[in-house]
Each structure stands twice: as structure tokens, then as C-alpha cells.
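Q: Sequence and predicted model, in that order:
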Amino acid sequence: MIGLRSKGHSALLGMAFEGCRMTAVLLRKTGHGVQVRETVQTTLSLDPTTNDPELVGREIRNHLSAAGIHERHCVVCVPLKWALTIRTALPELSEADTQSFLAVQAEREFPFAPEHLSLSVSRFRRPNGASEATIVAIPVNRLAALQKVFRAAKLRPVSITFGVTSILQDGIAPQEGTVALLVGQDGLDLAVSYGDGVAALRSLDETILGDQPGDGIDADSVAREIRITLGQLPPDMREAIHSIRVFGPTELTEGLCAELQGLTNGKGVSVRPGEAGVAVDALEPDVLQRLTPGAFWGAAGRLLNPAPGLEFLPPKVSLFKQLTGRVSSRATLWLGGAAAAAVLVVGGAFFYQYWRLSRLESEWNSIAPKVKEVTALQDKIRQFRSWFDDSAPTLSIVRKITEAFPEEGTVWVKTLEIKTQPNSGRRAVTCSGKARSNEDWLRMLARLRETKGIEDLRFEQVRGTAPLQFGLKFVWNERESDGL
């Protein structure tokens, strides 16, 4: 695992986000257990990742203050749907070489540049003794937006992780091969653990019945997704998984546990509700049965076990290191010499500048009327240029996208939107669709990147495996393309 600064806390605020839904639990350490002091469960009017950070931070601070919560240090559990994951075998290498190997694997497998991802690694040993690792990545821009929100809310995150992995770390025996389900209002998070590591992570949003939170959970879909996830594991690991633990509000987990138990009877897999593995003191006895437990486990695990699991909090860099990193000793000497030379010529430079500006101002005054006339003519040309365009830009875009997709139909488009950008002649293209496999998606992505005319290719989402769902954006530059 990637480590953090080791610092003890007597109290922490656990916070979990599901879209605009926020859960906050204030915990205080009491001997070998924790005490639940205050809780907040609400729906924010603004999205923490897309709306103005100052406004979102102010709204979060208002909710916390209204509940009497003034603790600044917090553990943040982000949605599992943000995660990109790969699993890889680990060869017998030194620790330094292993880190380099994992970095290379991440660069090869993830569809983003390394500097655009925050990585965390979970290592484990399979029952046959082979070493493997699960590499988990979150786009840096999402974490940066979230950190701005917390600065505006006057909060100081000490950890950024996932709720379901906090449960694996603190709610399940270390050597137990287990499937953990974290049930929320908007979907389920699934994690498979073996030993002290995470073997698989998935977000199961499509298992919710209906369009409204609380409509219920499709147990058949959940069981199918569990079978698919276990089917992707090696046989020795799959045979070592004998339990399913379901964590979440009682109203959502009771029925799901009963239905899953009925679906797994005779298969050697037990299903039971998850329980707190620590002593919990709460003013309201059923408080944990009403809340999505990700926020509780995140804060409790950090209070009682400072060693983190999957961690995405960027490391702090001291001001001194920032300054020394920006200015080397050679650069300092160069700047000193340049400053001394500038002192010697400053008088002549100011005189020359004054003379030059005066001459340019005189030249400008002589050509100003003609410039005004030409500018007015150019404005009219820009206004009416689109009416005399004999090209077919929309067909060009559709053709280029079609040529990048495979002929076998393994990658297909669900929606395609083309908008013209004002005053630039470029077009913003938004595309979403599905792919049968990650390999088909990556091949299509490589062809899109090589297509002339496509610029600023970005991804809104990549989730799922079979089929894989994706959404992407790019800018179409007609001048750089080959045309029809």
C-alpha cells in the first residue's frame, strides 16, 4: 500500500459522497473503540465535482455547522465509480524494481497519461503462493476539484479513499476470502478481498430497481455480477471465497441478504449482514443501521489503525522544497548576474523605451483610420462567412469517427452531439457508447488519437468491463483534417 504521514487523532470526521448525496459522521476515539458524536445525511444542491468549489464548500460548511460539527480533520470516501482498476502478477523483484514494474503496468493499461492519474496499489498472495497486485487509479482532476471544495469548507482531509475498501481493512478478518457489498441509495460497491489485499473492485450502479433512490435492489443482477467478478479471478482464489458480507442501512440490506442467501444455497457460500468489528458507543443505538457505513468505516479505521489501505491523498510538499525545486543554485547565480547587468543599463533602457513608444504612437495615429475600416470589413466577413461554406463538416466528423471504429461492431456509439464553437470555426463533439472489451476500446481510442482533425481528446467516464461503457469529448479542427 502507498503510505501516509503518520499522525494520531483523537477525533475525526468521516465523509462519504454518492453523487450529490453526502454522509458525515463525527467519531471520537475511546480506548479500543469509537464514540459516534454527530451525524449528517443530506443531499447537496450542488455537485462537488462540477459546480463552483467556493459555493459547494460553503454549503457543506453550513450543513456541518447546523449539526454542531466543528472538527476540521476528516477522512473522505469518494465514489467507487471514479476508480480504474487492473490486476497484475508480481515477479520476484526488489522493492524498487517492483515499484517501477507497477508504474510501467499502469502506464500501459490505463487510457490516461501517468501525470493525469493518482495511483494506489494493494498487494496480496494467492492461495498457491503467487504474488499479485491490484492497481487502482483516480483521475487527478477529480481529486483537485474535491480538494478545492474542502478548502472552501475549512476542512483538512487526512485521507482520501473508498468506503468499501475501508470496510475490507477494518470490518473483515485479514485472512478471510470475502466478497464485500456496500449498499447505498444510488447503487452498490463490490470488493473482493483475499489475505490483506484487494483482488477486485466494481461499482454496480445498474442493480438498482427504478429511477428513484430507495426503489429497491435487483438481487438477481447482484448475484450475476458477483459470479462475473469471481469468474475473472484465478481458480485457486475463486475456490477460496466462501462468504458474502453486506454492509449498509438495514432497510436496504435485510431483503438483499435473504434473497442472496436463497440464490447461493448449496454453493458453499454464506451471506450475512456486515457488523462493526470495533466497540461503538452512540447516543442513538440504531444510528449505524440508518446510515451508509462508508463514512463511519473510513473515520473509524483511520482512528484505530493509522496504516491506510488504498490511499489517494496527494503528499504535502513543504514551502522550502517547492522553492528549492523551482530555483537551482545555477539559476540563482544567473539571476544575480542578470540583475547586476540590469542596474548598469537601466537608464539607457528607459530612454530607449520612451523614444520607441513615442515613435510607434506617431505611426499608429497615421494608420488608425485605415485600421478601423479594415476591422469593420473583417467583422462583416466573420458574420456572413458561415452562409457561404460549401464544405460538409458534420459529414466529415461522422466519417472520421466511423473509420476509427472497428468494422466487426465490437465498439458502438449510443449518442453523438456536435456543437459549433463561436468565433473559432471549430466544433465540440460529445460521444458516448459501449465496447465489448477493454482491448477493443483501447484499439478504437488509439485510432481516434491518430485521426487528423481530432484535438483535445478527453474522457468523461470509463466504467464496467463487459460491456465497457465510455464517454468522450474532443474538438474537431476542420483545417487540420483531410476533409471528405
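A: Okay, I see it.
Q: So, low pLDDT: which residues of the stretch 351-484 of the chain?
A: Within the stretch 351-484 of the chain, the segments meeting pLDDT under 70 span 385-392, 424-425, 481-484.
Q: Let's see that with 90 instead.
A: Low-confidence segments of the stretch 351-484 of the chain (pLDDT under 90): 351-373, 375-410, 418-427, 437-467, 476-484.
Q: hey, where'd the helices end up in it?
A: Assigned by DSSP state H, counting those that start in this stretch, the stretch 351-484 of the chain shows helices spanning 393-404, 438-450.
Q: Would you reformat the ones you listed as a markdown table and include mean neighbour count and distance to Thr165?
A: For every residue, glycine as well, the C-beta is placed using N, CA and C. Output for those, formatted as a markdown table (neighbours: other C-beta atoms under 10 Å; distance: least, C-beta to C-beta, whole Å):
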| stretch | mean neighbour count | distance to Thr165 |
| --- | --- | --- |
| helix 393-404 | 16 | 36 |
| helix 438-450 | 16 | 22 |
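Q: so which of these gets nearest Thr264?
A: helix 438-450 (28.4 Å; C-beta to C-beta).
Q: hang on, isn't Leu155 packed against Leu13?
A: Yes: with contacts counted by C-beta atoms under 8 Å, Leu155 reaches Leu13, the gap being 7.3 Å.
Q: out of those two, which sits in the busier spot?
A: Using other C-beta atoms under 10 Å as the criterion, Leu155 and Leu13 rank with Leu13 on top: 28 against 21.
Q: Any chance of the backbone angles for that one?
A: The phi and psi torsions at Leu13 (degrees, to the nearest 10) take the values phi -100, psi 120.
Q: give me the beta-bridge partners of it?
A: Beta-bridge partners for Leu13, by DSSP bridges, are Leu26, Cys74.
Q: Spit out the contact partners of it.
A: 24-27, 64, 69, 71-75, 155, 299 (C-beta atoms under 8 Å, 6 or more residues apart in numbering).
Q: May I ask which of the residues you listed has the most neighbours?
A: Ranked by neighbour count (other C-beta under 10 Å), those have Ala299 at the top, with 34 neighbours.
Q: contact partners of the helix or strand that that one is a member of?
A: If you go by DSSP states H and E, Ala299 is part of helix 294-304. Helix 294-304 is contacted from outside by 9, 11-16, 23-25, 27, 29, 32-34, 36, 74-77, 158-159, 161-164, 166-167, 169-171, 182, 184, 189, 247, 276, 278, 288, 308-309, using C-beta under 8 Å, 6+ apart.
Q: Just to be sure, which of the residues you listed are found in strands?
A: Members of those lying in strands (criterion: DSSP state E): 11-16, 23-25, 27, 29, 33-34, 36, 74-77, 158-159, 161, 182, 189, 247.
Q: Now which of those residues would you call buried?
A: Buried members of the ones in strands among the contacts of helix 294-304, counted by 16 or more other C-beta atoms under 10 Å: 12-16, 23-25, 27, 29, 34, 36, 74-77, 158-159, 161, 182, 189, 247.
Q: Now stretch 18-35 - C-alpha only, PDB.
A: The C-alpha coordinates for stretch 18-35 follow below in PDB (Å, rounded to 0.1, in the frame of the first residue of the first chain):
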ATOM      1  CA  GLU A  18     -22.600   9.400  -3.700                       C
ATOM      2  CA  GLY A  19     -23.200  12.000  -6.400                       C
ATOM      3  CA  CYS A  20     -24.700  14.900  -4.600                       C
ATOM      4  CA  ARG A  21     -25.600  12.800  -1.500                       C
ATOM      5  CA  MET A  22     -23.400  13.500   1.500                       C
ATOM      6  CA  THR A  23     -23.000  11.500   4.700                       C
ATOM      7  CA  ALA A  24     -20.900  12.800   7.600                       C
ATOM      8  CA  VAL A  25     -20.100  11.000  10.900                       C
ATOM      9  CA  LEU A  26     -18.100  12.600  13.700                       C
ATOM     10  CA  LEU A  27     -16.200  10.000  15.700                       C
ATOM     11  CA  ARG A  28     -14.100  10.300  18.900                       C
ATOM     12  CA  LYS A  29     -11.600   7.600  19.900                       C
ATOM     13  CA  THR A  30     -12.400   5.900  23.300                       C
ATOM     14  CA  GLY A  31      -9.900   3.300  24.300                       C
ATOM     15  CA  HIS A  32     -10.300   0.300  21.900                       C
ATOM     16  CA  GLY A  33     -13.500   1.700  20.300                       C
ATOM     17  CA  VAL A  34     -15.100   4.800  18.900                       C
ATOM     18  CA  GLN A  35     -18.000   7.000  20.000                       C
END
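Q: So the nearest residue to Leu442 once chain neighbours are set aside versus Trp441, what's the distance?
A: Using C-beta to C-beta, 6 or more residues apart in numbering and skipping the chain neighbours, the partner closest in space to Leu442 is Pro111 (6.3 Å). To Trp441, Pro111 is 7 Å away according to C-beta to C-beta, to the nearest Å.
Q: intersection of neighbour lists for the two?
A: Common neighbours of Pro111 and Trp441, using C-beta under 8 Å, 6+ apart, are Val462.
Q: where in the stretch 151-300 of the chain is pLDDT low?
A: Within the stretch 151-300 of the chain, the ranges that satisfy pLDDT under 90 run 159, 162-189, 193-199, 202-300.
Q: So which residues of it form strands?
A: Here the stretch 151-300 of the chain has its strands, by DSSP state E, counting those that start in this stretch, at 156-161, 178-183, 188-194, 197-204, 243-247, 270-273, 279-282.
Q: possible to save these as TSV with distance to Trp355?
A: Conversion of those to TSV gives the following (distance: least, C-beta to C-beta, whole Å):
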stretch	distance to Trp355
strand 156-161	55
strand 178-183	73
strand 188-194	70
strand 197-204	67
strand 243-247	77
strand 270-273	84
strand 279-282	79
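Q: Farthest out from the centre of this protein, which residue is that? Tell me.
A: Centroid-distance maximum for the chain: Ser366 at 57.2 Å, with C-alpha atoms, centre = their mean.
Q: show me the residues around Leu143 that make contact.
A: By C-beta under 8 Å, 6+ apart, the contact set of Leu143 is Val78, Ser118, Ile160, Phe312, Pro314.
Q: Drop the exposed ones from those and show what's left.
A: Val78, Ser118, Ile160, Phe312.
Q: Return the per-residue confidence for the first one.
A: If you check Val78, the pLDDT there is 90.
Q: Could you double-check that it sits in contact with Ser159?
A: No: counting by C-beta under 8 Å, Val78 stays clear of Ser159, with 10.7 Å between them.
Q: which parts of stretch 287-299 are buried?
A: For stretch 287-299, a neighbour-count test (16+ other C-beta under 10 Å) marks Leu288, Leu291, Thr292, Pro293, Gly294, Ala295, Phe296, Trp297, Gly298, Ala299 as buried.
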